[in-house]
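Asks: Next comes the sequence, and after it the predicted model I'd like to discuss.
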Amino acid sequence: MLSETAILRIKDQIARYPHRESALMPALDTAQRENGNYLSREAIREVAGLVGVTFSKAYGVATYYSMYNTERVGRYHLCVDTNVPAYLAGAERILAHLCRTLKIRVGETTPDGLFTLSEVEDLGSCGTCPVIQVNDVYYEKMTVAKTDALIASLREGIMPPRKDGSHYGTACSILLKNRGRKNAHTLAVYKRTGGYKALAKALAMQPAELLDMVKHATVRGRGGAGFPAGMKWGFLPKNDPRPVYLICNADEGEPGTFKDRQIMQYDPHLLIEGMAIAAHTIGCRQAFIYIRGEFEWIARILEEAIGEAKTAGLLGQLDIIVHRGKGSYECGEETALIESLEGKRGCPRIKPPFPANVGLYGCPTIVNNVETLSVMPFVVAHGPEAFRAIGTVGNYGPKLFGVSGAVRKPGVYEFPLGTPLETVLAAAGGVVGQLKAVIVGGLSVPILTAEEARGLPLDYDACIKAGTMLGSGGIMVMNEKVSIPSIALRAIEFYAHESCGQCTPCREGSVVVKRLLQGLVAGRGSAADIDTVLSICDTVIGSTLCPTGDAWGMPIRAMVRKFRTEFESLIR
């Protein structure tokens, strides 16, 4: 049975949302936390009754998201990220060392019930890998020695504090202008640097004026597709009596992508001001920040910043809810995110209708990325021409690039769109060893050989011309020591795990490709297996409801085609 304290908390969560079903995920989280990080069927049933949904719906949600524990775990749940950036940083050595030290295998709990060890997908810590998440706390830049010290401390019942230490740099001083300031996350520091002046200016303008300003600035979405934000906002129906919702997509679940956390953690008011400007422009009074569940400490920072802004009277009638996901890459897709926010499994919807017409709760909805919303204060404060003066033709403004892999200073770097790849890599300390290949837009875009990447301007159009996409700006660098077949295998393992299962080509195809690549990497494959992988990739591209099929079909196909001789060398 849930305690009275937990029940009251769940009732408070229900009261916050326009529709009570949206409280299902935070309510399940509350129940899990109360019961030693374990979500029993009895607890799920009780939560379902409080929220007003069926047990089957609540159980379906609890078993869909990876952060709900429907099996008991130890007092300390050790989650080791081994995805591509973590793999490049040696995370598998850390995982193997934990297995030896704790004398358990992945998925097992020590006999004393103290530790459970899990191998997990991307934790959004690509520039500070290897990372071990212990319950809600990240321990980054881990070594064997640091891991031993962590385990020793946990055995004593002491959770060490998390430490920050990521590299960063800026050539624009727009999105990362406050990154190095002490207490930059507070309202006092943000206002000292001109914060909320752009919002005051925006509130004195008509929404139509603001929309024209954003359209003229040509702010392309920074979440991956590069679609112009002003055009998206313009799709909202006119004179519609339904409420308009704004959702900030802060899920950041794609391997190689870790830029948005820099804004949310170190300069949250920049995002909040951008959301308030966007809300005024589109006529919205209820907004949401859908943040990945693992970023628990960042969610608290955002909630504190929102509280500061509301107390200071800066948000007017705008209410912003921070909604934590619970582990699903698929929820980075806007309609799957909306489904999740409504308290459902995060499966994409058929489009049309598009969210601008039928989105959250069946109402007009705009979904924008953290970085996209965070440039709005600059656009309003300095004008669209100042924004267009940064970057290249058709690719305007600053961009955050997350650099991981074989560089000396992995981190997040801010440059104008169109900056050469070599310049960004130099800011990250340069390549360690000889550049073999690079992925410039997160795991879902085609890989480039060193020759293809030479002289590449990092903007949306130039990347498409080069046969890839800028995507989220997640740059993963591979040197001559890296096995491309191993990278391909780790990539498809991620997508096979994260597929929502709704589309047969994605659900079944990813599993078959994983099996074939496992055989090739283990030396049990054939040339026919390589051809089959390519055939499946060709089939899945363009045949799924959401871009996830393309997100693994295109990069796996590119890896096999461009490095086929390396795959063939594995055949015995």
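Replies: Yes, it's here. Numbers count the residues shown, from 1 in each chain.
Asks: Can you tell me the centre-most residue of this structure?
Replies: In the chain, the C-alpha nearest the mean C-alpha coordinate belongs to Glu252, at 0.8 Å (Cα atoms, centre = their mean).
Asks: can I assume that one is in contact with Arg261?
Replies: Yes - contact status for Glu252 versus Arg261: in contact at 6.5 Å, counting by Cβ atoms under 8 Å. Any C-beta I mention is one placed from the backbone N, CA and C, and that applies to glycine too.
Asks: so what's in contact with the two at the same time?
Replies: Gly124, Phe295 (Cβ atoms under 8 Å, 6 or more residues apart in numbering).
Asks: what's the burial count for Ala496?
Replies: 19 (other Cβ atoms under 10 Å).
Asks: Residues touching the lowest-mean-pLDDT helix or strand in the chain, excluding its own?
Replies: Sorting the helices and strands of the chain by mean pLDDT, DSSP states H and E puts strand 391-392 at the bottom, at a mean of 94. By Cβ under 8 Å, 6+ apart, the list of residues contacting strand 391-392 from outside reads Gly397, Pro398, Lys399, Pro416, Leu417, Gly418, Pro457, Asp459, Ala462.
Asks: which residues touch the third one?
Replies: I take that to be Lys399. Arg222, Glu371, Gly391, Glu414, Phe415, Pro416, Leu417, Thr419, Leu458, Leu470, Gly473.
Asks: What sits closest to the first one if chain neighbours are left out?
Replies: In this structure, Arg222 finds its nearest non-sequential neighbour in Glu371, 3.6 Å apart by Cβ to Cβ, 6 or more residues apart in numbering.
Asks: Next: the third one.
Replies: With Cβ to Cβ, 6+ apart as the criterion, Gly391 has its nearest non-adjacent residue at 3.8 Å, and that residue is Leu417.
Asks: Same check on Asp319?
Replies: Nearest to Asp319 is Gln286, by Cβ to Cβ, 6+ apart, at 5.5 Å.
Asks: List the strands paired with the helix or strand encompassing that neighbour, with their directions.
Replies: Using DSSP states H and E, Gln286 falls within strand 284-291. Looking at strand 284-291 with DSSP bridges, its partner strands are strand 244-250 (parallel), strand 319-324 (parallel).
Asks: before we move on, the earlier item: which ones among the contacts of strand 391-392 lie within helices?
Replies: Ala462 (DSSP state H).
Asks: how about JSON lines for the contacts of strand 391-392, with distance to Phe567 added?
Replies: Shown next, in JSON lines, are those (distance: Cβ to Cβ, whole Å):
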{"residue": "Gly397", "distance to Phe567": "39"}
{"residue": "Pro398", "distance to Phe567": "38"}
{"residue": "Lys399", "distance to Phe567": "33"}
{"residue": "Pro416", "distance to Phe567": "37"}
{"residue": "Leu417", "distance to Phe567": "34"}
{"residue": "Gly418", "distance to Phe567": "34"}
{"residue": "Pro457", "distance to Phe567": "30"}
{"residue": "Asp459", "distance to Phe567": "31"}
{"residue": "Ala462", "distance to Phe567": "28"}
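Asks: Would you check which pair of the contacts of strand 391-392 lies furthest apart?
Replies: Pro398 and Ala462 (16.4 Å; Cβ to Cβ).
Asks: show me the contacts for Ala86.
Replies: Ala86 makes contact with Val80, Asp122, Leu123, Ser125, Cys126, Cys129, Pro130, Val131, according to Cβ under 8 Å, 6+ apart.
Asks: One more: Glu452?
Replies: Here Glu452 is in contact with Ala466, Gly467 (Cβ under 8 Å, 6+ apart).
Asks: That one is in what secondary structure piece?
Replies: Here Glu452 is assigned to helix 450-453, by DSSP H and E.
Asks: Flag every buried residue along that helix.
Replies: For helix 450-453, the neighbour count (16 or more other Cβ atoms under 10 Å) marks Glu452, Ala453 as buried.
Asks: rewinding a little: starting from the least confident helix or strand of the chain, tell me which strands it pairs with and how they run.
Replies: Counting by DSSP bridges, strand 391-392 is paired with strand 395-396 (antiparallel).
Asks: residues in contact with the strand it pairs with?
Replies: With Cβ under 8 Å, 6+ apart, strand 395-396 has contacts from 217-220, 387-390, 417-418, 459-462.
Asks: quick one: which of the contacts of Lys399 has the most company?
Replies: Leu470 (30 neighbours).
Asks: and Thr170, what are its bridge partners?
Replies: Glu414.
Asks: cool, Val244 as well?
Replies: Bridge pairing for Val244 - DSSP bridges - gives Cys284.
Asks: Look up how far Val445 lies from the residue lying closest to Ala496 once chain neighbours are set aside.
Replies: Of all residues not flanking Ala496 in the chain, Ser510 sits nearest, at 4.0 Å (Cβ to Cβ, 6+ apart). Distance of Ser510 to Val445, given as Cβ to Cβ, to the nearest Å: 17 Å.
Asks: follow-up on the earlier one: after the helix or strand the residue nearest to Ala496 falls within, which helix or strand is next?
Replies: Applying DSSP H and E as the criterion places Ser510 in helix 504-521. Once helix 504-521 ends, the next helix or strand along the chain (criterion: DSSP H and E) is helix 527-540.
Asks: what angle do that next one and helix 504-521 make?
Replies: Angle of helix 527-540 versus helix 504-521, following axes from the mean of the first three to the mean of the last three Cα atoms, to 10 degrees, is 160 degrees.
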